[in-house]
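In: starting from these lines, generate the structure:
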Amino acid sequence: MKKMLAVVLMMLFAASLAVAAEDVLTKLDKNKDGRISEQEYLDRVSESFDKLDKNHDGAVKPDELQSMDKDKRDKLIKAADTNKDGALIKKEYEQAARKRFSSMDKNKDGYIDKKEWGASLSERNKSGLILFTF
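Out: Residues are numbered from 1 along each chain as shown. All right, here's what the predicted structure looks like:
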């Protein structure tokens, strides 16, 4: 009985992740063609940066990411901070987003479809790295 309950809970959790992923995909897909172009992705990334930059100085510093888990915050900064100054400027954040988009676009058609988006979420969950907030 306990195993059955555990299986059911895991299925419900997986289903809730799929629904959440679908919701984000829908928000990013501004022209409603069922896929995300690089420009749609970068537009949202730019908005995300602006929200993270709480003091509007053009840089996101660790203290502006206090709502993130420390490990994820450190991974984000390490992955995107190309000049290694401990802060992220918009150019660095967007450059990291372009790389992320390219890695998600498995078939290299310039778009992320539902299948690629789902696969990227699975990879991201395994790595524990959330590069961008949407």
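
In: who does the host helix or strand of Ser46 touch, helix- and strand-wise?
Out: With elements taken from DSSP states H and E, the one containing Ser46 is helix 38-52. Judged by 3 or more CB pairs under 8 Å, 6 or more residues apart in numbering; DSSP states H and E, the packing partners of helix 38-52 are helix 2-28, helix 90-104. Where you see a C-beta, it was placed from the backbone N, CA and C, and this is true even at glycine.

In: which of the ones you listed has the lowest average pLDDT?
Out: Ranked by mean pLDDT, the helices and strands packed on helix 38-52 end with helix 2-28 at the bottom, a mean of 51.

In: identify the bridge partners of Ile36.
Out: Going by DSSP bridges, Ile36 is paired in beta bridges with Ile112.

In: mind listing what's buried along the helix holding Ser46?
Out: For helix 38-52, burial by neighbour count (16 or more other CB atoms under 10 Å) applies to 40-41, 44-45, 48-49, 52.

In: again, but for stretch 67-87
Out: Under the neighbour-count criterion of 16+ other CB under 10 Å, stretch 67-87 has 68, 73, 75-77, 80-81, 87 buried.

In: now it: mean pLDDT?
Out: For stretch 67-87, the per-residue pLDDT averages 90.

In: just stretch 37-53 next, same as before
Out: The pLDDT scores in stretch 37-53 average 93.

In: any residues touching that stretch, and which ones?
Out: With CB atoms under 8 Å, 6 or more residues apart in numbering as the test, stretch 37-53 has contacts from 27-31, 59-60, 64-65, 88, 90, 93-94, 97-98, 101, 105, 110-112, 132-134.

In: what's the ChimeraX line that selects buried ones from those residues?
Out: Under the burial definition 16+ other CB under 10 Å, those of the contacts of stretch 37-53 that qualify are selected in ChimeraX by:
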select :28,29,59,60,64,65,88,90,93,94,97,101,105,111,112,132
